[in-house]
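Predicted structure and sequence below. I'll ask about it afterward.
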Amino acid sequence: MTDVVALQETHKALSEQVDRLGRENKRLHETVVDLSETVDRLEDVEQALDVITQTQGQSIEAFEEQVKDNREILNKMQSNLKANVLQNLLQVVIRSDKDENLTIEEHEIGDLINRIKGINGVEVNEVRFRDAITSSGGSLQCVMDIIRNLMDDNVTEGEEIFIIKD
């Protein structure tokens, strides 16, 4: 009888182990399912990040292209501004030759400088301008050559006669 009792106890212990292992197996199965769902979500996130990375690369390229285009437009605008200022300066110089002898005399320089000051977008260094006119003899051709200084990009800073204001 003791063998039967021992067998029953062993059977009971084995049944409990089988039940415990079954529960453990079920818990592990649920964990595997959860992990599979997590892996699927991570793959979705990875794909989204890939799309974002590609989009950012394209956005950066598009932004760089826009900066390049804007730089070209700005250069053209600055060139147009210089041309307009130059045209206005030439008109002012011609109008300042009151006696129409194609020379800006000493008594006409002050009026010329005042007219130049009235032009929007340009400043004049009065001392350098006055010296340049008087040292060149004041002929309209020499004055126009002085004004061409405005278009010269190689003028040393601090030596400019005309400065275009942005």
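Happy to help now that I have it.

what helix or strand is the most centrally placed residue in the chain on?
For the chain, residue 67 is the residue whose C-alpha lies nearest the centre (CA atoms, centre = their mean; 5.3 Å). Residue 67 belongs to helix 2-96 when assigned by DSSP states H and E.

Tell me which other helices or strands that helix touches.
Counting contacts by 3 or more CB pairs under 8 Å, 6 or more residues apart in numbering; DSSP states H and E, helix 2-96 packs against helix 106-117, strand 122-124, helix 140-148, strand 162-164. For every residue, glycine as well, the C-beta is placed using N, CA and C.

next one: it to chain centre, how far?
25 Å (CA atoms, centre = their mean, to the nearest Å).

Now do that helix against helix 140-148: the angle between them, please.
170 degrees (axes from the mean of the first three to the mean of the last three CA atoms, to 10 degrees).

What angle do helix 106-117 and helix 2-96 make with each other?
Using the same axes, to 10 degrees, helix 2-96 lies at 150 degrees relative to helix 106-117.

Quick one: mean pLDDT over helix 2-96.
Averaging pLDDT along helix 2-96 gives 81.

swap in stretch 124-141?
85.

ok, residues contacting it?
The contact list for stretch 124-141 (CB atoms under 8 Å, 6 or more residues apart in numbering) reads 93-94, 97, 102-106, 109, 113, 116-117, 142-143, 145-146, 159-163.

same thing but 10 Å
89-90, 93-94, 96-97, 100-106, 108-110, 112-117, 142-143, 145-147, 149-150, 158-163 (CB atoms under 10 Å, 6 or more residues apart in numbering).

Residue 128: how many residues sit nearby?
15 (other CB atoms under 10 Å).

Residue 100 in helix, strand or coil?
Following DSSP: H, G, I helix; E, B strand; the rest coil, residue 100 is assigned to coil.

tell me the contacts of it?
94, 140.

if I look at it, how far off is residue 140?
Note on residue 100: its distance to residue 140, by CB to CB, to the nearest Å, is 10 Å.

Kindly report the same for residue 86.
Using CB to CB, residue 86 is found at 15 Å from residue 140.

Residue 35 now?
The value you get for residue 35 to residue 140, if CB to CB is used, is 89 Å.

Same question for residue 15.
Taking CB to CB, one finds residue 15 at 119 Å from residue 140.
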